[in-house]
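Peer 1: here you go, sequence then predicted model.
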Amino acid sequence: MGYFGKLAYSDGRWAFGGPTAVPFLLIDVHDSDIATVDYRAADASGGRFYLGYEPRLYFEEPAAGDPVDTAAEAEGFTRWARDAGGADVDPTEVQRLMASPDGAPPADEVVEQTVERLLGLAGLPLPEWPTDGDMPAG
């Protein structure tokens, strides 16, 4: 079983659960295979994309959502990274990390690796991923 959890970056720090301020970056990891990335700027603009797999393909439910426009979301995320933290990010590099809209397998074995590569591009600190000892019993 992979990692399940939601991490939020706001106010210059990581927290489990939801964000505490805007701008924020919210990363929701599902079984180490999918990461939903939501970003919001101070002006309430933002977007959503996926790392690993798009849920509509992973769960074999094509009608569950439209394919992500990865070029547009890469541009949006680079604006967010510049505005939120001053990072100059190449949208092409961000787009390479995104889940393929046609279902091609991701390059990384677990999506947490891809999350860390995305955060590195954006110049953000890495979160402290919980260990097995941090998880509830059962």
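Peer 2: Alright, I've got the coordinates. Numbering: from 1, shown residues only.
Peer 1: find the residue at the geometric middle of the protein.
Peer 2: residue 37 (3.1 Å; Cα atoms, centre = their mean).
Peer 1: can you confirm it is in a strand?
Peer 2: Yes: when DSSP: H, G, I helix; E, B strand; the rest coil is applied, residue 37 is found to be in a strand.
Peer 1: that one pairs with what?
Peer 2: Applying DSSP bridges to residue 37 gives these bridge partners: residue 27, residue 49.
Peer 1: thought it was touching residue 25?
Peer 2: Yes: using Cβ atoms under 8 Å, residue 37 is in contact with residue 25, at 7.1 Å. Every C-beta, even on glycine, is put in place using the N, C-alpha and C of the backbone.
Peer 1: residue 73 belongs to a helix, doesn't it?
Peer 2: Yes: assessed with three-state DSSP, residue 73 lies in a helix.
Peer 1: how near is it to residue 64?
Peer 2: Going from residue 73 to residue 64 by Cβ to Cβ, to the nearest Å gives 18 Å.
Peer 1: over to residue 44?
Peer 2: 26 Å.
Peer 1: who has more neighbours out of these two?
Peer 2: Shown here are residue 44 and residue 64; by other Cβ atoms under 10 Å, residue 64 has more neighbours (12 against 8).
Peer 1: could you find the closest non-adjacent residue to that one?
Peer 2: residue 56 (4.4 Å; Cβ to Cβ, 6 or more residues apart in numbering).
Peer 1: again with residue 86
Peer 2: residue 123 (7.4 Å).
Peer 1: okay, now the one you found: neighbour count?
Peer 2: With other Cβ under 10 Å as criterion, residue 123 counts 14.
Peer 1: helices along the protein, start to end?
Peer 2: For the chain, helices defined by DSSP state H occupy the ranges 55-58, 70-85, 91-97, 111-122.
Peer 1: now render these as CSV, adding mean neighbour count, distance to residue 31 and mean pLDDT.
Peer 2: As requested, the helices of the chain are exported to CSV (neighbours: other Cβ atoms under 10 Å; distance: least, Cβ to Cβ, whole Å; pLDDT from 0 to 100):
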stretch, mean neighbour count, distance to residue 31, mean pLDDT
helix 55-58, 18, 9, 92
helix 70-85, 19, 22, 94
helix 91-97, 17, 18, 97
helix 111-122, 19, 9, 96
